[in-house]
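**Student:** give me coordinates for this.
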Amino acid sequence: MAKKSIRIRAKVKKGVTEVKTLISHPMETGLRKNKKTGKKIPAHFIQEVTCEHNGKKVLGADWGVAISKNPYLSFKFSGGNKGDTIKISWADNKGKSDSAEAKVR
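**Tutor:** Numbering: from 1, shown residues only. The predicted structure is shown next:
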């Protein structure tokens with residue numbers, strides 16, 4: 001993808017790192033119909049999301065059609081220091097994927 005689809009913010013406070021992400025993705029269920037043609041819009045949704053902290057996986061999630069368009073994800077984990085690297089990756093049912101990195105503040 002030419003344009004990054006993931007925005008990340010990560011902050012550490014008292015040994016707990018809070019990560020907030022916003023992912024740009026259509027998240028189609030495959031159940032909606034095109035109003036003009038009446039044909040179903042094909043399913044297009046994120047299936048897997050992972051988060052790594054300095055190369056170590058701290059979150060893995062399997063998603064499906066019940067997740068909203070442009071999903072927001074927020075979570076916390078123990079550990080992390082200012083300057084550490086957080087990497088978020090996703091893969092969807094059409095074989096597309098993206099990843100982005102940010103430094104912990």
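
**Student:** contacts and neighbour counts: CA atoms only from here.
**Tutor:** Will do.

**Student:** and for residue 98, the neighbour number?
**Tutor:** Using other Cα atoms under 10 Å, residue 98 is surrounded by 17 other residues.

**Student:** do the same with residue 34
**Tutor:** 11.

**Student:** and residue 70, what does it touch?
**Tutor:** By Cα atoms under 8 Å, 6 or more residues apart in numbering, residue 70 lies in contact with 22-27.

**Student:** go on, residue 66?
**Tutor:** residue 29.

**Student:** from residue 37, how far out is it?
**Tutor:** 24 Å (Cα to Cα, to the nearest Å).

**Student:** check residue 77 too.
**Tutor:** Counting by Cα to Cα, the gap from residue 77 to residue 37 is 47 Å.

**Student:** who's more crowded, the two?
**Tutor:** Legend: neighbour count by other Cα under 10 Å for residue 77 and residue 37, higher for residue 77 (14 against 8).

**Student:** bridging residues for that one?
**Tutor:** When assigned by DSSP bridges, residue 77 has beta-bridge partners residue 17.

**Student:** so who does it touch?
**Tutor:** By Cα under 8 Å, 6+ apart, the neighbours of residue 77 are 16-18, 58.

**Student:** residue 9: neighbour count?
**Tutor:** 16.
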